[in-house]
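In: how would this look folded up:
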Amino acid sequence: MATNTYVALQTQTLGSAAASVTFSSISQAYTDLVIQVNGYTSYSGVDAAYVFFNGDNLSSNYSVTRLYGNGTSASSDRYSAPYNIWMGNAYGQATINVQNYSNSTTYKTTLSRSGALGAAGITGATAVLWRNTAAITSISIQDVSGNWQAGSTFTLYGIAAA
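Out: Residues are numbered from 1 along each chain as shown. Predicted coordinates for the structure are as follows:
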């Protein structure tokens, strides 16, 4: 019989608007992390979100490759900035996988899938390399263009070793 390898570590549901949400004092007892975002932003169009590790908001420490589309056209790009997920003013959802977060000898990699509903809806997949060997003990998710709205929910899961 399979065991449940996802363990809910922290959940935050916003009672009022906030620019960012932070998970801190993250347990180092798991091999990987998954963050599930179900949120609304205050920006009137398609929005993105930054994901910072351990308070590191320096663009030069993140390498990003994105694939995204809106049902009519598709694009891709690469850059150095901590953009990680797409969100929207109507509603957005994202799943962010953080591999090997507690290892203190390797850089950290995230893979995310996200989508924003609304007039300018967009769906994307993003791979991010955080060029730092520190174990991840805190994660901040910051709306790029506005605030996360009341009712937005953020859940952090630990993934047990298989």
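
In: where does the residue positioned nearest the centre of the chain land in three-state SS?
Out: The centre of the chain sits closest to Ile96, judged by Cα atoms, centre = their mean, with a distance of 4.7 Å. Per DSSP: H, G, I helix; E, B strand; the rest coil, the secondary structure class of Ile96 is strand.

In: Quick check: which ranges of this structure have low pLDDT?
Out: 1-4, 44-46, 82-90, 117-120, 162 (pLDDT under 70).

In: picking up where we left off before, bridge partners for the residue nearest to the centre of the chain, pull those for me.
Out: Per DSSP bridges, the residues bridged to Ile96 are Ile35, Ser112.

In: correct me, but it touches Thr110?
Out: Yes - counting by Cβ atoms under 8 Å, Ile96 does reach Thr110; the two are 5.7 Å apart. For every residue, glycine as well, the C-beta is placed using N, CA and C.

In: Report the separation between the residue nearest to the centre of the chain and Ala49.
Out: With distances taken as Cβ to Cβ, to the nearest Å, Ile96 is found 9 Å from Ala49.

In: swap in Ala29?
Out: Counting by Cβ to Cβ, the gap from Ala29 to Ala49 is 27 Å.

In: Look at those two and report which has more neighbours.
Out: Ranked by neighbour count (other Cβ atoms under 10 Å), Ala29 and Ala49 place Ala49 first, with 27 against 11.

In: quick one, strands of this protein?
Out: Using DSSP state E, the strands of the chain run over residues 6-13, 20-23, 32-39, 46-53, 62-69, 74-79, 83-88, 92-99, 108-116, 122-130, 139-143, 153-159.

In: Give me whichever of those is most buried.
Out: Among the strands of the chain, strand 83-88 has the highest mean neighbour count (mean count of other Cβ atoms under 10 Å), at a mean of 26.
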